[in-house]
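1. Sequence and predicted structure are below.
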Amino acid sequence: MKEEIEENNQLHRTEIENFEKKLNLINSVLHDVIEGYNKKKLCPTCDTEIIAFLPFGVNPRPNAQCPNCGSLERHRATYIFLKENTSIFKENINLLHIAPEKIFYNIFRNQENINYLTADSNDKPPRVMEKMDIQSIQYPDNTFDFIYCSHVLEHVPDDRKAINELYRVLKPMGKPLFRSLCFVF
Ligand SMILES: [Zn+2]
């Protein structure tokens, strides 16, 4: 009986804690909304002024997701990096995008300067144009000016072979952006 009461108490404590977390999140969003009327935020990936970014995640964190395009912090940071530090939006390039995520697929495919190829180990239409095992890429040496490969290498059985292949099909002056736990340039 005593154990049952303690178990119930623990359940109530957990419920209260979860409720408090939700209240804090609502509070943070409301704060952003109220403040946002005076100071709107700009989402760089969709170039839209918004009042507030929304909470996102299993344990939702505040100020994370754009309500317009769905971008998260990492997408916006990557987009700003690409725009300010690479020629990806300026020069005519062949771009290979492995396992294309929706946010960047929507950005890259609309760029007139980008000859765009998306690939994945599985056919996942509509975003994937070609099936590709990056441990054995079906393209000749020096094909691409830029390769964007995010959160893929940690899932490939032989990541060294994959990196060798990606560099093989990359032109000598080309730029790779491999992202998993860190950036590698
Ligand atoms: Zn956006």
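-> Yep, that arrived.

2. Any idea how far the strand or helix carrying L82 is from the middle of the chain?
-> Under the assignment given by DSSP states H and E, the secondary-structure element containing L82 is helix 73-85. Per CA atoms, centre = their mean, to the nearest Å, the displacement of helix 73-85 from the mean C-alpha position of its chain is 10 Å.

3. For that helix, list every residue counted as buried.
-> 75-76, 78-79, 82 (16 or more other CB atoms under 10 Å). C-beta: built from backbone N, CA, C; applies to glycine.

4. Residue ranges in this structure under the pLDDT threshold?
-> Across the chain, residues meeting the criterion (pLDDT under 70) sit at 1, 32-38, 174, 176-185.

5. As a check, name the ranges of all helices in it.
-> 2-36, 73-85, 102-108, 159-169 (DSSP state H).

6. returning to what we had before: let me know the closest of the buried residues of helix 73-85 to the ion.
-> The nearest member of the buried residues of helix 73-85 to the ion, counting by CB to the ion, is R76 at 7.7 Å.

7. Am I right that the closest one is in contact with P44?
-> Yes: shown here, R76 and P44 form a contact pair, counting by CB atoms under 8 Å, at 5.4 Å.

8. tell me which parts of the chain are close to the ion?
-> Counting by CB under 5 Å from the ion, the residues of the chain close to the ion are 43, 45-46, 66, 68-69, 71.

9. can we see that at 8 Å?
-> Within the chain, the positions adjacent to the ion are 43-48, 50, 66-71, 76 by CB under 8 Å from the ion.

10. Apart from its chain neighbours, what residue comes closest to F53?
-> Once flanking residues are discounted, F53 sits nearest to N63: 4.5 Å by CB to CB, 6 or more residues apart in numbering.

11. OK, contacts around the one you found?
-> With CB atoms under 8 Å, 6 or more residues apart in numbering as the criterion, the residues that contact N63 are 28, 32, 52-53, 55.

12. go with 10 Å
-> Residues counted as contacts of N63 (CB atoms under 10 Å, 6 or more residues apart in numbering) are 28-29, 32, 41, 52-56, 73.
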